[in-house]
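Novice: Everything below, folded, please.
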Amino acid sequence: MGRLFGTDGARGVAITELTCETAMQIGRAAAMVLAKECAHTPKIIIGKDTRISGDVLEAALAAGICSVGADAYILGVVPTPAVAMLVKKYNADAGVMISASHNSVEFNGIKLFSSSGFKLPDAVEAEIEELILDTPEKIDLKNGCEIGRIHYEKSAADDYIEYIKSTVKTDVSKINAVIDCANGSASATARQIFEGLGAKCTFISSEPDGTNINEGCGSTHMENLQAKVRELGADVGLAFDGDADRCLAVDEKGNIIDGDRLLAIFSKYMRSKGILKNDTCVVTVMSNIGFFRFAESEGLHAETTAVGDRYVLENMLKNGHNLGGEQSGHIIMLDYANTGDGELTGAKFLEILADTGKKPSELASCMEVFPQVLVNVRITPDKKGMWDKDGTVTAEIENVKNELGREGRILVRESGTEPLVRVMLEGKDVEQITAYANDVAKLIEQM
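Specialist: Numbers count the residues shown, from 1 in each chain. A predicted model of the protein is given here:
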C-alpha cells in the first residue's frame, strides 16, 4: 500500500504519528483531488468515533479543508457507514471518517469517501499522497473571501438511524437482544435503531468517555456479551467495533457467530428469497475453510479476494455481486450500503431470525468452523515487507503446506493497519496447527 494510506485509510498513534499537521494536509489534498472538477464551493462532510483525539483531528481536518476553499460539514459522532451513506444524501463532494476502527484508544485514523459514497481506489489515494508528500507546493491555499466555512449537520445521526430502520420490513418485536456498542460510534445510534425497530434490548458498553473505546468490549472482546446473553437468557447478542462498520453475533447459548458464519447465514437466506445475485458471496483469503465447504455443499459460489473490505467491494462491483465480507464482521450488502455496516448487518440478522423463526444456533449450524490459530508477530519498520524474502521463512511455510495437504492451510500476510505479520493456520488438529504457527512466527521474529 501507499506511504500514508494502508488497507483502511491513514492510521497511527494519534497526535504523535498521525499528527495534526498530517491531518490538515490530508484535508487540503483530499479537498483538492476529490473536488477538482467542482463548479461550486466543494462540500466535504466529516464524521468521527468517540476517541479523545477525534476532536483535535477533526479541527485539523476542517482547517485544512477550509484553507483550500472547500466547506467542511461536521457530522459529530456517527458510524463510518453513516458517512458513506450521508455523503450521497447531502450531495457532498467527499466524506471523511476519523476512526481507528477496532484499535485501542491511542490510535486514530482518517478514511476517505468519494461523492458516490465508496472508499477511494488505490490510484486516488496515491494521488492524494503524492500531493502531500512529493509536491506540497501545488497545494493552493486561499485567502480573503475564498476561504471555506465550517458548518454543523445536527441531524446526521438521526438521518442514518432512520435509513437503517427503513431497511427492515419484518416485525422483530419478539426478539430479546443484548447489544454491545464497544463504547464507540454505535453508542450514538444503536439504541434508536434497535429499540426503534421494536426489539427488546439490553445495551452494554454504551457509555463512551473518550478513553474506553474497544476497551474489553465490542467485536474484539466478546466475553462480556457472551456472559450477558447467558445471564439474561436472551435470544441473540450483537457486537460492534469502535466505528460500527463490523458486527459479530452471539447465539442464545452464548457462542460466537463470526463473520464467516454470518455470511453463510445471509447467503443461504438470500438465495432462498431469490435475492442473492449470481448465487455468489465474496470473501477474503482469511475466511475459514468451513465457509468454502459450506458453499460447495450448498451449490453456492465463493469468490476470494485479498484481505480488506475494499477488495471485497471492488470484486462485488466488478462482477455484479451483492453480498460479501470478512471473518472479522465487515459485511457488505450492496443493495443497501456501499461499505461494511455493522448496524445494518445486525438489523438484517434480526430480520432473518424473525422471518425464519429459527434460533441463531440453528442458523449457524449450516457451517462447520475449522479450528483456526492466529499468531501476530510485531515487526520493526526496517523489517516491513521482508518476511517473504527470507529463504528460511518461506521454506518452512512451504513445508507446513505440504504437511497439511487438503486437511488445512497456512496463510502468512503483513497487516495493512498495524506493524504486524499475521501467521494463520487452519486444520483438524489444534495442537498441530498451533505448533506450526509458533514455529513460523519464531522464524519471522528471528529475521
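Novice: Outline the domain layout of this protein.
Specialist: 5-156, 171-364, 372-445 (automatic domain parsing).
Novice: pLDDT averaged over the longest one - what is it?
Specialist: Averaging pLDDT along domain 171-364 gives 97.
Novice: residue at max distance from the center of this protein?
Specialist: For the chain, the largest distance from the centre (CA atoms, centre = their mean) belongs to Gly144, which lies 40.0 Å off.
Novice: Tell me how far it lies from Gly69.
Specialist: Noted for Gly144: a distance of 10 Å to Gly69, by CB to CB, to the nearest Å. To be clear about C-beta, it is placed using only N, CA and C from the backbone, and glycine gets the same treatment.
Novice: Please apply the same query to Glu252.
Specialist: 55 Å.
Novice: Pull the number of nearby residues for Asp55.
Specialist: 12 (other CB atoms under 10 Å).
Novice: looking at the domains of the chain, which is closest to Lys165?
Specialist: Comparison of those against Lys165 by CB to CB identifies domain 171-364 as nearest, at 5.3 Å.
Novice: what's the first-to-last distance across the closest one?
Specialist: 21 Å (CA to CA, to the nearest Å).
Novice: what's the strand or helix carrying Cys281 packed up against?
Specialist: According to DSSP states H and E, Cys281 maps onto strand 280-284. On a contact count with 3 or more CB pairs under 8 Å, 6 or more residues apart in numbering; DSSP states H and E, strand 280-284 meets helix 259-272, strand 301-305, helix 309-319, strand 323-325.
Novice: change it to 10 Å
Specialist: helix 259-272, helix 289-298, strand 301-305, helix 309-319, strand 323-325 (3 or more CB pairs under 10 Å, 6 or more residues apart in numbering; DSSP states H and E).
Novice: May I have that strand exported as PDB, CA atoms only?
Specialist: Provided in PDB are the C-alpha atoms of strand 280-284 (Å, rounded to 0.1, in the frame of the first residue of the first chain):
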ATOM      1  CA  THR A 280     -22.300 -15.800  -5.000                       C
ATOM      2  CA  CYS A 281     -20.700 -14.500  -1.900                       C
ATOM      3  CA  VAL A 282     -17.400 -12.700  -2.000                       C
ATOM      4  CA  VAL A 283     -14.900 -13.400   0.900                       C
ATOM      5  CA  THR A 284     -11.200 -13.000   1.600                       C
END
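Novice: Next, the angle strand 301-305 makes with it.
Specialist: For strand 280-284 against strand 301-305, the angle by axes from the mean of the first three to the mean of the last three CA atoms, to 10 degrees is 30 degrees.
Novice: And strand 280-284, how far out from the chain middle?
Specialist: 16 Å (CA atoms, centre = their mean, to the nearest Å).
Novice: Between helix 259-272 and it, find me the angle.
Specialist: 170 degrees.
Novice: The stretch 1-150 of the chain: helices as residue ranges?
Specialist: For the stretch 1-150 of the chain, the helices defined by DSSP state H, counting those that start in this stretch cover 20-34, 54-67, 80-89, 122-133.
Novice: got the domains of the chain as TSV, with distance to Lys165 columns?
Specialist: Formatted as TSV, the domains of the chain follow (distance: least, CB to CB, whole Å):
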stretch	distance to Lys165
domain 5-156	13
domain 171-364	5
domain 372-445	31
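Novice: for the ones you listed, which one sits closest to Ile164?
Specialist: domain 171-364 (5.2 Å).
Novice: didn't Gly325 look like it was pressed against Cys281?
Specialist: Yes - the criterion here is CB atoms under 10 Å, and Gly325 meets it with Cys281 at 8.0 Å.
Novice: Across the sheet, point out what pairs with Leu323.
Specialist: Met333 (DSSP bridges).
Novice: Confirm that Glu431 sits in a helix.
Specialist: Yes - under DSSP: H, G, I helix; E, B strand; the rest coil, Glu431 falls within a helix.
Novice: re earlier: flag every buried residue along the strand holding Cys281.
Specialist: Thr280, Cys281, Val282, Val283, Thr284 (16 or more other CB atoms under 10 Å).
Novice: Now do the buried residues in stretch 423-442.
Specialist: Val423, Met424, Leu425, Glu426, Gly427, Gln432, Ile433, Tyr436, Ala437, Val440, Ala441.
Novice: Which of those residues fall in helices?
Specialist: Counting by DSSP state H, the members of these that fall within helices are Gln432, Ile433, Tyr436, Ala437, Val440, Ala441.
Novice: For Gly299, state which of the residues you listed is nearest.
Specialist: Of these, the one sitting nearest to Gly299 (CB to CB) turns out to be Ile433, at 29.0 Å.
Novice: For the closest one, which residues are in contact?
Specialist: By CB atoms under 10 Å, 6 or more residues apart in numbering, the contact list for Ile433 reads 370-373, 400, 403-404, 407-410, 424-427.
Novice: and what of Lys401?
Specialist: Gly408, Arg409, Ile410, Leu411, Tyr436.
Novice: mind putting those residues in a markdown table, distance to Met270 and pLDDT included?
Specialist: Shown next, in a markdown table, are the contacts of Lys401 (distance: CB to CB, whole Å; pLDDT from 0 to 100):
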| residue | distance to Met270 | pLDDT |
| --- | --- | --- |
| Gly408 | 29 | 88 |
| Arg409 | 27 | 89 |
| Ile410 | 32 | 94 |
| Leu411 | 27 | 91 |
| Tyr436 | 36 | 95 |
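Novice: Now for the buried residues of strand 280-284: which two are most distant?
Specialist: Thr280 and Thr284, at 14.3 Å, using CB to CB across the buried residues of strand 280-284.
Novice: Skip the chain neighbours and tell me the closest residue to Phe266.
Specialist: Leaving aside its sequence neighbours, Phe266 sits nearest to Leu323 (CB to CB, 6 or more residues apart in numbering; 5.9 Å).
Novice: My read is that the one you found contacts Leu263, right?
Specialist: Yes - at 7.1 Å, Leu323 counts as touching Leu263 under the criterion of CB under 10 Å.
Novice: Looking at these two, which one has more neighbours?
Specialist: Using other CB under 10 Å, the more surrounded residue of Leu323 and Leu263 is Leu263, with 28 against 24.
Novice: Is the more buried one in contact with Met367, as I believe?
Specialist: Yes - between Leu263 and Met367 there is a contact under CB under 10 Å: 8.8 Å.
Novice: shared neighbours of the two, which are they?
Specialist: Common neighbours of Leu263 and Met367 (criterion: CB under 10 Å, 6+ apart): Phe291, Phe294, Ala295.
Novice: any idea how far the first one lies from Thr280?
Specialist: Spelled out, that is Phe291. For Phe291 relative to Thr280 (CB to CB), the value is 13 Å.
Novice: the helices in the stretch 151-300 of the chain, which residues?
Specialist: Using DSSP H, counting those that start in this stretch, helices in the stretch 151-300 of the chain cover 156-166, 190-196, 223-232, 259-272, 289-298.
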